[in-house]
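> next input, structure requested:
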Amino acid sequence: PMKKKNFTSFCNRMVEDFQRLEAMGVKPCLNFFDVNINTRATQEGVLNVELETFYPGAQIYYTTHGEQPSIHANLYNHPFPLDGTYDLKAAAFVNGKQIGKVTHKQLYKNLISGKKYEIMPEPKGMKGDILGENDILGADTVTLGLTNGKRGNNASSTPWVGISPDNNDKVTFIVDFEKATIRKIRFGTLYNAAGGILPVSKAVVYVSSLDNKFEKVAEKEFTYDIKENTFRGFDEEIEFPAQEAVKVKIEFTSGGKIRNGIDCYSPHDKSEIPSTIALDEIEIY
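Numbering: from 1, shown residues only. Below is the predicted model of the structure:
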């Protein structure tokens, strides 16, 4: 039963079991003790970086500019704000000796990092939560996937936010922020035809500097050179003349239909089905 489980005791026993295996000439996988890099927003909208390892009593050292961590690097004591673009590397150390591998992750600070947002239609499946990084699904009710500073990757669908477009093949993203001058939007979009996902084909950017009156400032179409059925994320940018804004709306158009028997699924069924859009990290600069 869950109420009788003691995770701290389990971690302590893992250390002893690994030592026993090594004494027997068996090399255990030490991924369990690698550092996990998470981000989580406070209710005030501050996006913090959180580091953890399950090795009891280990110290975590980290760098933010891509250098290899050592005992001479930054010692992690508590969550710290994401204040820029970090090329973050972290590792756990015991008695001055590194255990496990170095964990590496890019983190992106921008105008909407840690901000709440609206997205329509509402995501039903993939929500870009932190499941898969040793955290609790749904624990972060503030940022979810699109403003947590972490770009989706080519290894897992977990970081991506999947949305079924509306009847006009569109997904709409809206976010508020303090008045600022903006010039660029960045976002990630996923290709995974086998999972019914095609990348965004067009994005239209609207800004509002007063109330909810939006003005269109940019539109861009996207094409992709995809030669095989694969799982791949793409980074896209839209630049435009400087605009003063307190709110941004982005309309994403889907990549079209999934051709059954050509893109994926059964070769005996030639029907077409609407594709899903999967996004991760939307950034405003």
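> immediately after the worst-scoring helix or strand of the chain on mean pLDDT, which helix or strand?
Taking mean pLDDT, DSSP states H and E as the measure, the chain has strand 257-259 as its least confident helix or strand, at a mean of 82. Sequence-wise, the next helix or strand downstream of strand 257-259 (DSSP states H and E) is strand 272-274.
> sheet-wise, list the partners of the least confident helix or strand of the chain with their directions.
Taking DSSP bridges as the criterion, strand 257-259 sits next to strand 272-274 (antiparallel) in its sheet.
> what comes into contact with the partner strand?
Strand 272-274 is contacted by residues 164-165, 169, 196, 254, 257-260 when judged by C-beta atoms under 8 Å, 6 or more residues apart in numbering. Any C-beta I mention is one placed from the backbone N, CA and C, and that applies to glycine too.
> and it, how far out from the chain's middle?
Strand 272-274 sits 27 Å away from the centroid of its parent chain (C-alpha atoms, centre = their mean, to the nearest Å).
> likewise for stretch 278-285?
In terms of C-alpha atoms, centre = their mean, the gap separating the centre of stretch 278-285 from the centre of its chain is 9 Å.
> can I get it as PDB, trimmed to CA atoms?
The C-alpha trace of stretch 278-285 is given here as PDB (Å, rounded to 0.1, in the frame of the first residue of the first chain):
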ATOM      1  CA  ALA A 278       2.200  19.700 -30.300                       C
ATOM      2  CA  LEU A 279       4.000  22.900 -29.000                       C
ATOM      3  CA  ASP A 280       6.700  23.500 -26.500                       C
ATOM      4  CA  GLU A 281       8.100  26.500 -25.100                       C
ATOM      5  CA  ILE A 282       6.500  29.600 -26.400                       C
ATOM      6  CA  GLU A 283       8.800  32.600 -25.800                       C
ATOM      7  CA  ILE A 284       8.400  36.300 -26.200                       C
ATOM      8  CA  TYR A 285      11.300  38.800 -26.600                       C
END
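> got the buried residues for it?
Neighbour counts over stretch 278-285 (16 or more other C-beta atoms under 10 Å) mark 278-285 as buried.
> one more: stretch 177-186?
177, 182, 185-186.
> about what we covered before: the buried residues of stretch 278-285 in strands, which ones?
Counting by DSSP state E, the buried residues of stretch 278-285 place 278-284 in strands.
> of the residues you listed, which is the nearest to F18?
Ranked by distance to F18 (C-beta to C-beta), these are led by D280 at 34.2 Å.
> isn't that closest one up against L190?
Yes - between D280 and L190 a contact is recorded at 7.5 Å, counting by C-beta atoms under 8 Å.
> shared neighbours of those two, anything?
Contacts common to D280 and L190, judged by C-beta under 8 Å, 6+ apart, are 152, 160, 233.
> and the end-to-end length of stretch 108-115?
End-to-end distance of stretch 108-115 (C-alpha to C-alpha, to the nearest Å): 13 Å.
> picking that back up, what remains of the contacts of strand 272-274 if I keep only buried residues?
Among these, those scoring as buried are 164-165, 169, 196, 254, 258, 260 (criterion: 16+ other C-beta under 10 Å).
> about what we covered before: got CSV for the shared contacts of D280 and L190, with distance to D211 too?
Output for the shared contacts of D280 and L190, formatted as CSV (distance: C-beta to C-beta, whole Å):
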residue, distance to D211
G152, 33
W160, 33
G233, 35
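> out of those, who's the most crowded?
For the shared contacts of D280 and L190, counting by other C-beta atoms under 10 Å, the largest number of neighbours falls to W160: 30 neighbours.
> sorry, back to before: hmm, which two among the buried residues of stretch 177-186 are most spread apart?
Across these (C-beta to C-beta), the longest gap, 15.1 Å, separates F177 and R186.
> quick revisit: and which of the buried residues of stretch 177-186 is nearest to A41?
F177 (13.3 Å).
> quick one: pLDDT of that closest one?
Confidence at F177, expressed as pLDDT, is 94.
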